[in-house]
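Asker: the following block contains a protein sequence and its predicted model.
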Amino acid sequence: MNQLASLEMNPIILTETILKGVHMSEWNDRPVLIAREGQLAGQRWTIENDEFVIGRGNDADMVLPERQVSRHHVRLVREGDRYILHAIGKNGTHVNGKVVNGTVVLRDGDQIQVALCVTLMFVGTEATLPLQWEAPVVASGLGLNEELRTVVLSGRELDPPLSLAQFRLIKLLFDADGAVVNRQAIIDTVWPGTDGIGVSEQAIDALVRRLRDRLLELDEHNYVVTVRGHGFRLDNAPN
């Protein structure tokens, strides 16, 4: 059995001994959408046609069950070797955290948020499709896989995955490598482009609490430490 057939049969249970990625030219010459958040998280759709509709309607190419999603919420249109996203839903469409009013050219790795309840990753035709698990970046007890937006604690993957805001926060702390991260840095990373407008101290504290609760599902160690008057740091050295 070749590696591609093996990946098709076992899309989740994969090991480091398998290829770290399959180039799209080996898999398909069309881009792929991967659901990262929402009721269909983990599923993949190949964009076979030059026009691809995402929405709640049964006639959509990707049918999303969330009630916040419009019948036709997003339309992807191929123009040459590019794909253009048309935002046509009522409850908003964001790409990489920025609201789309009209159209935007999609690039490999773009994160598409549909009505703020579904997150899709766009994998372009020149990309390497993450069809299997890659060894996460690990520093002591907690490890991250940024591409798949997964967290590993004590050798176990946190499931379901963190929300986008929670992952942005834990990655910011992880990259700081134990240094204190102040609240302004959190705002700039978690809520980019807002300049802090509408982001209260309570919102940051609530996000930290939710992140701690998620990490406690797998490990009782307190990874996110409050440094009073300064901010937060990651304690990635569990006993």
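Answerer: Yes, it's here.

Asker: contacting residues for the residue nearest to Arg75 when sequence neighbours are not counted?
Answerer: Leaving aside its sequence neighbours, Arg75 sits nearest to His86 (C-beta to C-beta, 6 or more residues apart in numbering; 4.2 Å). C-beta: built from backbone N, CA, C; applies to glycine. Contact analysis of His86 by C-beta atoms under 8 Å, 6 or more residues apart in numbering lists 74-77, 102-103.

Asker: of the residues you listed, buried ones?
Answerer: Buried residues within these, counting neighbours by 16 or more other C-beta atoms under 10 Å: 74-76.

Asker: re earlier: I'd like to know which of the contacts of His86 is nearest to Val180.
Answerer: Taking C-beta to C-beta as the measure, Val180 sits nearest to Val74 out of these, at 39.4 Å.

Asker: can you pull the phi and psi angles for the closest one?
Answerer: Main-chain dihedrals, Val74, degrees, to the nearest 10: phi -140, psi 140.

Asker: which residue, other than its chain neighbours, is closest to it?
Answerer: Closest to Val74 by C-beta to C-beta, 6+ apart is Ile54, at 4.2 Å.

Asker: run a quick neighbour tally on that neighbour.
Answerer: 27 (other C-beta atoms under 10 Å).

Asker: give me the distance between Asp110 and Phe52.
Answerer: 14 Å (C-beta to C-beta, to the nearest Å).

Asker: same question for Ala60.
Answerer: 9 Å.

Asker: who touches the closest residue to Val69 other than its chain neighbours in this structure?
Answerer: In this structure, Val69 finds its nearest non-sequential neighbour in Arg56, 4.5 Å apart by C-beta to C-beta, 6+ apart. Each residue near Arg56 by C-beta under 8 Å, 6+ apart is listed here: 63-67, 69-71, 73.

Asker: can you put those in TSV and add neighbour count, distance to Val181 and secondary structure?
Answerer: Listed next are the contacts of Arg56 as TSV, based on neighbours: other C-beta atoms under 10 Å; distance: C-beta to C-beta, whole Å; DSSP: H, G, I helix; E, B strand; the rest coil:
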residue	neighbour count	distance to Val181	secondary structure
Val63	16	40	strand
Leu64	24	34	coil
Pro65	10	36	coil
Glu66	16	32	coil
Arg67	9	36	coil
Val69	25	34	coil
Ser70	20	37	coil
Arg71	15	42	coil
His73	26	35	coil
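
Asker: now do the helices in this structure.
Answerer: Taking DSSP state H to define them, one finds helices in the chain at 3-9, 24-27, 164-176, 183-190, 201-216.

Asker: so for the second one, mean pLDDT?
Answerer: Read that as helix 24-27. Averaging pLDDT along helix 24-27 gives 41.

Asker: and if you look at stretch 167-180?
Answerer: 91.

Asker: now do it: distance to the chain's middle.
Answerer: 16 Å (C-alpha atoms, centre = their mean, to the nearest Å).

Asker: list of residues touching it?
Answerer: By C-beta under 8 Å, 6+ apart, the list of residues contacting stretch 167-180 reads 137, 139, 142, 144, 146, 149, 151, 161-162, 181, 185-186, 189-190, 207-208, 211, 215, 224, 227, 230-236.

Asker: may I have that stretch exported as PDB, CA atoms only?
Answerer: Output in PDB follows, covering the C-alpha atoms of stretch 167-180 (Å, rounded to 0.1, in the frame of the first residue of the first chain):
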ATOM      1  CA  PHE A 167      -4.500  29.400  20.900                       C
ATOM      2  CA  ARG A 168      -3.200  32.900  20.100                       C
ATOM      3  CA  LEU A 169      -2.800  33.500  23.800                       C
ATOM      4  CA  ILE A 170      -1.000  30.200  24.600                       C
ATOM      5  CA  LYS A 171       1.300  30.600  21.600                       C
ATOM      6  CA  LEU A 172       2.200  34.100  22.700                       C
ATOM      7  CA  LEU A 173       3.100  32.800  26.200                       C
ATOM      8  CA  PHE A 174       4.900  29.800  24.700                       C
ATOM      9  CA  ASP A 175       7.000  32.000  22.400                       C
ATOM     10  CA  ALA A 176       7.900  34.300  25.400                       C
ATOM     11  CA  ASP A 177       9.600  31.200  26.900                       C
ATOM     12  CA  GLY A 178       8.800  32.100  30.500                       C
ATOM     13  CA  ALA A 179       9.100  35.800  30.200                       C
ATOM     14  CA  VAL A 180       6.200  38.000  31.400                       C
END
